[in-house]
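S.K.: Sequence plus predicted model, see below.
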Amino acid sequence: MKDDYDLSGEKRSKKKLLHLLVVSSLIFGMFFGSGNLIFPVHLGQLSGNNWMSAAFGFAISGSLFPLLAILAVVVTKSDGLYDLARPVGKFYAAMFLVLVHLTIGPFFGTPRTAATAFEMGLKPFLPAKFDTVGMLVFTALFFGLAYVLTVHQNRLLKYVGKYLNTIFLVLLAVIFVVAFLNPMGGLNHMPTQAYQTSATVSGLLEGHNTIDAVALLALSVTFVHAVKGLGYKDRELTGLTAKAGSLSIALEVLVYFGLVLLGSFSLSRLNLSDNGGTALSQIVNYYFGNFGAAFLGVLVTLGVFTTAMGLVASFSQDFHKLFPKVSYLAWLRVTTVMSFVVANAGLDNIIAWSLPVLMLLYPLSLALILVSLTVHSKPYAGVVYKMTIAFTVLPAIFDMLNASPAAVTNLTFVKAALNFYHQYVPFASLGLGWVTLTLAGFVLGLVFGKLGVFASQTNSVESRN
């Protein structure tokens, strides 16, 4: 892989620039999926003439948290999710890794990439009677190709960063150019009620719901491995990773603003849609006519396929590190086969039970990012890590219960517990109850650490060079 980008006849600065662009493209391609594409469009419709305030709020939570996740990996010099969580405890780090990868991998995220690609890429062109067979064949090809392209870990940078994501960005740019040169109308549309007085806050809450920070933590092992494959190490490794991550997030923010603006423009010609997928489909069909469905199908399929490649590769890399006796290729077969099975055998039921686990992991991920960025090198880091995570567990459990299926939320004691939580914990009704408790644990950890309480836990976190 290193030779593919070895521009020996060029200046070193040009080679570094090429590496920066390709790694940035890899990171963007792996985490920017269908949700990132459709949520902002719907946000634009909901916010109307307050689109800019809403987009700003969406970018804060939808892009800032993922950026902080990347920086947490860089600052701590972690090789992946296990390394990042290890200061809390080896058992916790292992359990956290397993839960994160199973949830955003074969139990939820990865099967949904194939399902989304089928729904928007092939299903519109199939007779209804072929839906089941079509899904079976499509997902077999989808995951088969994902497996083939990720067998060689070092080629992921070329396939995703150099080719597939570049094509995706070009297609997306075509939509922007066509739509902004010939906008559907003006930006004088009345926002929906939630966006009339607090558009920024409403946008922030919508961005919070993307939960991209969890994905970036899981994908970290893959982009760190890719940068190492280019021959970088130590300061050059962390420097390139930080710059590439920042560039990919900056691009994401620009795309978000463009998509929100696209949604706001569309209200001049279209009614408010039920969801962003419908809105984006209507917008593309408006500009491209009968060709619109095929164009959007290719765009979405490319977007989710690069995400699927990142998810299966990171799953296999992290599980191989945790269980080294099982090879990377063996784990790759496990995750692709499991994803295929789940996508075709009860995806909705699996999602119904996986989503609550994701809501459990999200606050824990943000808490981990907080301590990683602030105290990882301090002599009292251990106690701060443990105290912060301990205080985050309880609200995370409540968030999990709140997102659970009716079979759980209708239980009498669960109802009572959730009512208490929403009534007495600040911001709990917004899904942000973890904020105050996490900060409380963080502050207490700092106080105890500096006072020497729990002295056995006040060792600094070891370097992960």
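M.R.: In hand now; what should we look at?
S.K.: And the top helix by length along the chain, what does it pack against?
M.R.: Secondary structure of the chain per DSSP state H: the longest helix is helix 234-266. In this structure, helix 234-266 makes packing contacts with helix 12-31, helix 34-47, helix 51-76, helix 165-181, helix 212-229, helix 276-288, judged by 3 or more C-beta pairs under 8 Å, 6 or more residues apart in numbering; DSSP states H and E. Heads up, the C-betas are built off the backbone N, CA and C, glycines and all.
S.K.: centre of the chain versus it, how much separation?
M.R.: Chain-centre distance of helix 234-266: 13 Å, with C-alpha atoms, centre = their mean, to the nearest Å.
S.K.: Return the angle between stretch directions for it and helix 276-288.
M.R.: Per axes from the mean of the first three to the mean of the last three C-alpha atoms, to 10 degrees, the angle that helix 234-266 makes with helix 276-288 is 70 degrees.
S.K.: for helix 234-266, which positions count as buried?
M.R.: 237-238, 240-249, 251-253, 255-266 (16 or more other C-beta atoms under 10 Å).
S.K.: mind checking the end-to-end distance for stretch 43-60?
M.R.: In stretch 43-60, first residue to last residue: 14 Å (C-alpha to C-alpha, to the nearest Å).
S.K.: for the stretch 251-400 of the chain, which spans come out with low pLDDT?
M.R.: Applying pLDDT under 70 to the stretch 251-400 of the chain flags the ranges 346-347.
S.K.: which residue ranges form the helices in it?
M.R.: 276-288, 292-322, 328-344, 347-374, 381-402 (DSSP state H, counting those that start in this stretch).
S.K.: so of these, which one's packed in deepest?
M.R.: helix 292-322 (a mean of 24; mean count of other C-beta atoms under 10 Å).
S.K.: Next, residue 426: phi, psi?
M.R.: Here is the backbone geometry of residue 426 (degrees, to the nearest 10): phi -60, psi 140.
S.K.: Not counting sequence-adjacent ones, nearest residue to it?
M.R.: residue 436 (5.0 Å; C-beta to C-beta, 6 or more residues apart in numbering).
S.K.: and the one you found, what pLDDT?
M.R.: pLDDT for residue 436: 96.
S.K.: Please apply the same query to residue 187.
M.R.: On pLDDT, residue 187 comes in at 88.
S.K.: Which helix or strand contains it?
M.R.: Counting by DSSP states H and E, no helix or strand carries residue 187.
S.K.: Quick check: it vs residue 207, distance?
M.R.: Relative to residue 207, residue 187 is positioned 21 Å away (C-beta to C-beta, to the nearest Å).
S.K.: who's more crowded, the two?
M.R.: Neighbour totals were compared for residue 187 and residue 207, and residue 207 leads with 26 against 16 (other C-beta atoms under 10 Å).
S.K.: who touches the closest residue to that one other than its chain neighbours in this structure?
M.R.: Once flanking residues are discounted, residue 207 sits nearest to residue 62: 3.1 Å by C-beta to C-beta, 6+ apart. Neighbouring residues of residue 62 by C-beta atoms under 8 Å, 6 or more residues apart in numbering: 36, 39, 206-208, 210, 212, 252, 256.
S.K.: now swap in residue 255 and tell me
M.R.: By C-beta under 8 Å, 6+ apart, the contact list for residue 255 reads 32, 36, 40, 172.
S.K.: Now do the first one against residue 303, distance only.
M.R.: In this view, residue 32 and residue 303 are 6 Å apart by C-beta to C-beta.
S.K.: on that earlier part again, so which of the contacts of residue 62 comes closest to residue 369?
M.R.: The closest of these to residue 369 turns out to be residue 212 (C-beta to C-beta; 11.9 Å).
S.K.: Report the contact partners of that closest one.
M.R.: Taking C-beta under 8 Å, 6+ apart as the contact definition, residue 212 lies against 31, 36, 62-63, 65-66, 69.
S.K.: export the residues you listed to TSV and tack on distance to residue 344?
M.R.: Shown next, in TSV, are those (distance: C-beta to C-beta, whole Å):
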residue	distance to residue 344
31	25
36	25
62	31
63	33
65	32
66	30
69	31
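S.K.: how's this protein carved up into domains?
M.R.: According to automatic domain parsing, the chain comprises the domains 3-357, 375-465.
S.K.: mind checking which of those domains is nearest residue 363?
M.R.: Closest among the domains of the chain, using C-beta to C-beta: domain 375-465, at 3.7 Å.
S.K.: mind showing which ranges of the stretch 1-150 of the chain have poor pLDDT?
M.R.: Scanning the stretch 1-150 of the chain for pLDDT under 70 picks out 1-11.
S.K.: on that earlier part again, just put the domains of the chain in a markdown table and tack on distance to residue 368.
M.R.: A markdown table is the format used below for the domains of the chain (distance: least, C-beta to C-beta, whole Å):
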| stretch | distance to residue 368 |
| --- | --- |
| domain 3-357 | 6 |
| domain 375-465 | 7 |
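S.K.: Most tightly packed of those domains?
M.R.: domain 3-357 comes out most buried of the domains of the chain by mean count of other C-beta under 10 Å, with a mean of 20.
S.K.: The closest residue to residue 394 other than its chain neighbours and residue 80, how far apart?
M.R.: Sequence neighbours aside, residue 437 is the residue nearest to residue 394 in space, at 6.7 Å (criterion: C-beta to C-beta, 6+ apart). If you measure residue 437 against residue 80 using C-beta to C-beta, the figure is 27 Å.
S.K.: ditto for residue 139
M.R.: From residue 139 to residue 80 the distance is 27 Å (C-beta to C-beta).
S.K.: quick one: contacts for residue 293?
M.R.: 124-125, 281, 284-285.
S.K.: Distance of the closest residue in space to residue 302 that isn't next to it in sequence relative to residue 30?
M.R.: Spatial nearest neighbour of residue 302, chain neighbours left out: residue 168 (4.3 Å); criterion: C-beta to C-beta, 6+ apart. Per C-beta to C-beta, residue 168 is found 12 Å from residue 30.
S.K.: Confirm for me that the residue nearest to residue 394 is in contact with residue 426.
M.R.: No. Contact criterion C-beta atoms under 8 Å: residue 437 and residue 426 do not qualify, at 9.2 Å.
S.K.: re earlier: quick check, nearest of the contacts of residue 62 to residue 409?
M.R.: Comparing the contacts of residue 62 against residue 409 with C-beta to C-beta places residue 208 closest, at 20.6 Å.
S.K.: Which helix or which strand is home to residue 85?
M.R.: helix 81-85.
S.K.: which secondary structure elements does that helix contact?
M.R.: Checking 3+ C-beta pairs under 8 Å, 6+ apart, helix 81-85 ends up next to helix 51-76, helix 90-104, helix 212-229, helix 292-322, helix 347-374.
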